[in-house]
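*Asks:* build me a structure from this.
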Amino acid sequence: MNKKFYAFIPVILLVLVFIGCVIFNNSASQHQKAASDFLKEYYSADDYKILDEIKTVTDIERLNAISESLYQEKYRETLTKEAYERLAANRDIFEPEEIVKDFGCTLEFENAEIKKHAETVKGNPVYSYNARIKATLPNNEIKEFIETGTIELVRDEDNKWKVSRLNIANRRNLYKSIEKIISDS
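*Replies:* Residues are numbered from 1 along each chain as shown. Reported below is the predicted structural model:
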């Protein structure tokens, strides 16, 4: 009986290693999906009505209501509230809409290469990304751009992965690149 038990130890260890690999890969794919879903929401834009609403607001309560509406409609599923507030404070959250408004083009997220970059001190995963964005210019010419940066993820209260921090490698690079193309044509 003792020999039979020892014979099963390698099988049991192999099963445990396999289960660990499956759990690790599933977690990594959940992280990448959460990052990709956010990038798709962020880098896709075809109107700028939110900018017009913000521009005409004179009282802070209405401005907060508009900002909350944008968060609820576009980012609630993919971005933490704290991250949204940071991005709104420095206006990074509005860059795609500013491009649409200022240059009359549309932006469409094509895909992203997302790779594990690091972990925070708290153990939250940080991923680097290279996002491919397609811009359709006013003359219907299509240009592709690559935006790079990092994304930190956290689990929310519903145990769902969300972006808690976005760091764009070259802030305003997409805006400046499209501005240059438009001014050169």
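*Asks:* quick one: Thr120 from Arg165, how far?
*Replies:* From Thr120 across to Arg165, the span is 9 Å (CB to CB, to the nearest Å). C-beta: built from backbone N, CA, C; applies to glycine.
*Asks:* any common contacting residues for the two?
*Replies:* Overlap of the contact sets of Thr120 and Arg165 (by CB atoms under 8 Å, 6 or more residues apart in numbering) consists of Glu152.
*Asks:* between those two, who's got more neighbours?
*Replies:* Shown here are Thr120 and Arg165; by other CB atoms under 10 Å, Arg165 has more neighbours (19 against 13).
*Asks:* would you confirm that the more buried one belongs to a strand?
*Replies:* Yes: assessed by DSSP: H, G, I helix; E, B strand; the rest coil, Arg165 belongs to a strand.
*Asks:* who's in contact with the closest residue to it other than its chain neighbours?
*Replies:* Leaving aside its chain neighbours, Arg165 sits nearest to Glu152 (3.9 Å; criterion: CB to CB, 6 or more residues apart in numbering). Listed by CB under 8 Å, 6+ apart, the contact partners of Glu152 are 120, 124-126, 163-165.
*Asks:* show the pLDDT at Lys119.
*Replies:* Not Lys; residue 119 is Glu. On pLDDT, Glu119 comes in at 89.
*Asks:* now it, which residues is it bridged with?
*Replies:* Beta-bridge partners for Glu119, by DSSP bridges, are Pro125.
*Asks:* how deep is it tucked in, by neighbour count?
*Replies:* Residues within reach of Glu119, counting by other CB under 10 Å, total 11.
*Asks:* gap between it and Val126?
*Replies:* Separation of Glu119 from Val126 (CB to CB): 6 Å.
*Asks:* mind checking the SS state of Ala58?
*Replies:* To be clear, residue 58 is Thr; Ala isn't right here. Look at Thr58: counting by three-state DSSP, its state is coil.
*Asks:* just grab the bridge partners of the residue nearest to Arg165 for me.
*Replies:* Listed by DSSP bridges, the beta-bridge partners for Glu152 are Val126, Arg165.
*Asks:* that older thread, and the least confident of the contacts of Glu152?
*Replies:* Out of those, that is Thr120, at 90.
*Asks:* would you confirm that Gly123 belongs to a strand?
*Replies:* No: using three-state DSSP, the secondary structure at Gly123 is coil, not a strand.
*Asks:* tell me, how many residues neighbour it?
*Replies:* When neighbours are defined as other CB under 10 Å, Gly123 has 7 of them.
*Asks:* what confidence value was assigned to it?
*Replies:* Predicted confidence (pLDDT) for Gly123: 89.
*Asks:* fine by me, we can end here.
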